[in-house]
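Trainee: Here is a sequence with its predicted model. Questions after.
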Amino acid sequence: MHGIAGLYATSDHVSKNEFSSFINAAFPKQSEIRSVVWIEHVRDSELEQLYQKAAKDGYADYRLREQYEGKELVDAEPRAVNFVVYHQHSRYQEQWFTQGLNLASLHAYNSILHQSIESKSLVSMRELHSIRQQRGKFIELFLPVYDKMPGSTGTASGQGRLRGFVGMLVNIADSVESVYRRHVTQAGGLDFYVVDIDPRRNEEVLYFHSSRAREQKVEPLPLEQLMQGLHVSTEIKFADTHWRIVFRPIPGFYDAGQLIGPWIVLGSGLIFSLLVAGYLNTIQRRRIFVEQQVQLRTRELDDQAICDEVLLSH
């Protein structure tokens, strides 16, 4: 997301094709990323400019829309401050947001975006408006983007005018499974859970992995039983939220009478380390690629600026 923000911070405008090409190149196999959007920050006096830009990008009938809680979309007049869905790249036919939707008209989104502005950092919320017909639980991420100042990345504090937000819809189960399949190759006799423990929400199981050593898959334990009996747990921070990872041994995997406590700690620690290492390795490779793309885009803009200056001088 910081890479996409960097693309905007180094560009006066990112076209529809540039946006989609960048996403496809940066995340070619990340099926857990269901949708990426660019949300434009628009003052009421700038709406006509937005419409002109949309026409050049080939967005037919682009217009500002609002959706009041639980009601249909309607054409709307601009507010003093507008957060308008502009570009959207989805891996599935069903869209995350309707193009032109003013998120300032939805209380939950207006609140989380202002929270992002105040903190000048990545914020998250659990699925509200997103793809309903797909299975699994989702997390929605939003990162503010500012005009790039000298020596800056475009996302830190002390920047210029707010440009907008990068939004990303992530399937939590797919995100964990993609790392798990690549880096945990042997069954360890452990079920594991990902639990949302963010104090802003009710505690909830986001993901459950039934050990591959089981003969038959089982349903996850109720929350009230999850922390009972033999288990190992650790807490991690994801964006601005907190998750608890819980490992539990499956019945019959260890020999009767065996002192399994140390083995559970060791096994769960190894699996967790593999997951984290695999995730960080993937992120590092993506980060290097994205930075290269942003640097290339910056050089192209610099070259264009030099050409323009030469032409004007003649």
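Mentor: The structure has been received and is ready for your questions. Please read these numbers as outputs of a predicted model, since none were measured by experiment.

Trainee: The helix or strand containing residue 192 - contacts with which helices or strands?
Mentor: Using DSSP states H and E, residue 192 sits within strand 190-196. If contacts are counted by 3 or more C-beta pairs under 8 Å, 6 or more residues apart in numbering; DSSP states H and E, strand 190-196 sits against strand 204-209, helix 223-226, strand 241-249, helix 261-313. All C-beta atoms are positioned from the backbone trio N, CA, C, and that covers glycine.

Trainee: quick one, the third one and strand 204-209 angle?
Mentor: Here strand 241-249 points in a direction 40 degrees away from that of strand 204-209 (axes from the mean of the first three to the mean of the last three C-alpha atoms, to 10 degrees).

Trainee: what pairs with strand 241-249, and is each one parallel or antiparallel?
Mentor: Using DSSP bridges, strand 241-249 pairs in its sheet with strand 190-196 (antiparallel), strand 232-238 (antiparallel).

Trainee: Relative to residue 252, which of these is closest?
Mentor: Closest to residue 252 of the strands paired with strand 241-249, according to C-beta to C-beta: strand 190-196, at 12.9 Å.

Trainee: Alpha carbons of the closest one, as CSV, please.
Mentor: What follows is strand 190-196, C-alpha atoms only, in CSV (Å, rounded to 0.1, in the frame of the first residue of the first chain):
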residue,chain,number,x,y,z
LEU,A,190,-1.7,-28.5,16.0
ASP,A,191,-4.9,-26.6,15.3
PHE,A,192,-4.5,-22.9,15.2
TYR,A,193,-6.8,-19.9,15.4
VAL,A,194,-6.6,-16.2,14.5
VAL,A,195,-8.8,-14.2,16.9
ASP,A,196,-9.7,-10.5,16.6
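
Trainee: the helices in the stretch 51-200 of the chain, which residues?
Mentor: 107-119, 172-183 (DSSP state H, counting those that start in this stretch).

Trainee: residues of stretch 212-230 that come out buried?
Mentor: Under the neighbour-count criterion of 16 or more other C-beta atoms under 10 Å, stretch 212-230 has 221, 226 buried.

Trainee: ugh, wrong one, I meant stretch 236-251
Mentor: Using 16+ other C-beta under 10 Å as the test for burial, stretch 236-251 gives 238, 239, 240, 241, 243, 244, 245, 246, 247, 248, 249, 250.

Trainee: what is the rounded mean pLDDT of that stretch?
Mentor: Average pLDDT, stretch 236-251: 85.

Trainee: Show me what it is in contact with.
Mentor: With C-beta atoms under 8 Å, 6 or more residues apart in numbering as the test, stretch 236-251 has contacts from 119, 121-124, 139, 141, 189-198, 200, 206, 211, 213-214, 221, 226-227, 229-235, 260, 264, 267-268, 271-272.

Trainee: Spell out for me the PyMOL command that would select the buried members of those residues.
Mentor: In PyMOL, this line selects whichever of the contacts of stretch 236-251 come out buried by 16+ other C-beta under 10 Å:
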select buried, resi 121+122+123+124+139+141+189+190+191+192+193+194+195+196+198+206+211+221+226+231+232+264+267+268+271+272
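
Trainee: farthest-separated two in the buried residues of stretch 236-251?
Mentor: Checking the buried residues of stretch 236-251 with C-beta to C-beta, the most distant pair is 240 and 250, at 33.6 Å.

Trainee: so what's the residue nearest the centre of the chain up against?
Mentor: In the chain, the residue lying closest to the centroid (C-alpha atoms, centre = their mean) is residue 168, at 3.7 Å. Contact analysis of residue 168 by C-beta under 8 Å, 6+ apart lists 1, 33, 35, 36, 37, 140, 141, 142.
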